[in-house]
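> Just to be clear, the model below is a prediction. Sequence and coordinates:
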Amino acid sequence: MADINESLEMLMSIDGAKCVSLVDSTSGMVLGEAGTGVDMELAAAGNSEVVKAKNETMKSLGLKGQIEDILITLDDQYHIIRPMVTQKGLFLYIVLDKAKANLALARRKVQNVETSLTV
């Protein structure tokens, strides 16, 4: 098991990682962050709305199951939002440099960190 800071540092070791955070999706507040390049307070608030909207859409469509992750692809970045299974209402958020990151490996690492993170 790893605490918040250890988990965020593990995520920062991913090739191409620019910044990461742990976010409370109910309030949009950042519980921990590492790295630079994105205003994490603003990103956390906005991405909380993304998670809420997706959950509502799934409910409206009658879709079962849970979000594993949400991927947002920009010209030069990947943004991964991963709701935590063990800590409902929290999600990990990571911004990756698209030119340096391996998306499959990054998603796998985020999954591994999410399962070992204790809050």
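Happy to help now that I have it. Since the structure is predicted, the reported quantities are computational estimates derived from the model, not experimental observations.
> Does the residue sitting nearest the centre point of the chain belong to a helix, a strand or coil?
To find the centre residue of the chain, average its C-alpha atoms and take the closest one (C-alpha atoms, centre = their mean): that gives Y93, at 2.3 Å. Here Y93 takes the strand state, with states given by DSSP: H, G, I helix; E, B strand; the rest coil.
> Show the contacting residues for the nearest residue to it once chain neighbours are set aside.
Counting by C-beta to C-beta, 6 or more residues apart in numbering, S21 is the residue found nearest to Y93 once chain neighbours are left out, at 5.0 Å. Heads up, the C-betas are built off the backbone N, CA and C, glycines and all. With contacts defined as C-beta atoms under 8 Å, 6 or more residues apart in numbering, S21 is in contact with 8, 30-34, 40, 43-44, 92-93.
> Pipe the residues you listed into JSON lines and attach distance to L63, pLDDT and secondary structure per row.
Shown next, in JSON lines, are those (distance: C-beta to C-beta, whole Å; pLDDT from 0 to 100; DSSP: H, G, I helix; E, B strand; the rest coil):
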{"residue": "L8", "distance to L63": "30", "pLDDT": "96", "secondary structure": "helix"}
{"residue": "V30", "distance to L63": "29", "pLDDT": "97", "secondary structure": "strand"}
{"residue": "L31", "distance to L63": "28", "pLDDT": "96", "secondary structure": "strand"}
{"residue": "G32", "distance to L63": "30", "pLDDT": "96", "secondary structure": "strand"}
{"residue": "E33", "distance to L63": "31", "pLDDT": "97", "secondary structure": "strand"}
{"residue": "A34", "distance to L63": "33", "pLDDT": "97", "secondary structure": "strand"}
{"residue": "M40", "distance to L63": "29", "pLDDT": "95", "secondary structure": "helix"}
{"residue": "A43", "distance to L63": "26", "pLDDT": "96", "secondary structure": "helix"}
{"residue": "A44", "distance to L63": "25", "pLDDT": "96", "secondary structure": "helix"}
{"residue": "L92", "distance to L63": "22", "pLDDT": "97", "secondary structure": "strand"}
{"residue": "Y93", "distance to L63": "23", "pLDDT": "98", "secondary structure": "strand"}
